[in-house]
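>>> Okay, here's the prediction I keep looking at, along with the sequence it came from:
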Amino acid sequence: MLYTARIFVSLKPAVNDPQGSTVKQGLIDMGFKEVTDVRVGKYIELAVESKTKKSAEDKVNEMCDKLLSNPVIEMYRFELIEKDA
């Protein structure tokens, strides 16, 4: 079975986000005064072949823990979408 994993990685709330602060200030300078906070993260999409959805979830968790995120300062979530055969 083939799955698409859509992975969202973001900094933990306690971690300073200088890129988010820069984007926030840029938006305010452009006239978007209603912006009160910005956090910048990563979006990763990949295809995973697996016999079961649970096995695919386990593999994506392992990928995120080992390479795609830094568990010390980042958190992640993902969704798996079954691709049509």
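Here it is on my side, so go on. Since this is a predicted model, take the numbers as computed values, not measurements. Numbering: from 1, shown residues only.
>>> who's Phe8 bridged to?
Here Phe8 sits in beta bridges with Tyr43, Arg77, going by DSSP bridges.
>>> give the contact list for it.
Gly41, Lys42, Tyr43, Tyr76, Arg77, Phe78 (Cβ atoms under 8 Å, 6 or more residues apart in numbering). Every C-beta, even on glycine, is put in place using the N, C-alpha and C of the backbone.
>>> Quick one: those as JSON lines, columns for pLDDT and distance to Tyr3 too.
Conversion of the contacts of Phe8 to JSON lines gives the following (pLDDT from 0 to 100; distance: Cβ to Cβ, whole Å):
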{"residue": "Gly41", "pLDDT": "98", "distance to Tyr3": "22"}
{"residue": "Lys42", "pLDDT": "98", "distance to Tyr3": "19"}
{"residue": "Tyr43", "pLDDT": "98", "distance to Tyr3": "17"}
{"residue": "Tyr76", "pLDDT": "98", "distance to Tyr3": "16"}
{"residue": "Arg77", "pLDDT": "98", "distance to Tyr3": "15"}
{"residue": "Phe78", "pLDDT": "98", "distance to Tyr3": "10"}
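>>> Out of these, which comes closest to Thr52?
Thr52 lies nearest to Phe78 out of the contacts of Phe8, by Cβ to Cβ, at 16.0 Å.
>>> Farthest from the middle of the chain: give me that residue.
Within the chain, the residue lying farthest from the chain centre (Cα atoms, centre = their mean) is Gly31, at 27.9 Å.
>>> which element is it on?
Following DSSP states H and E, one finds Gly31 outside all helices and strands.
>>> Thank you kindly, that will do.
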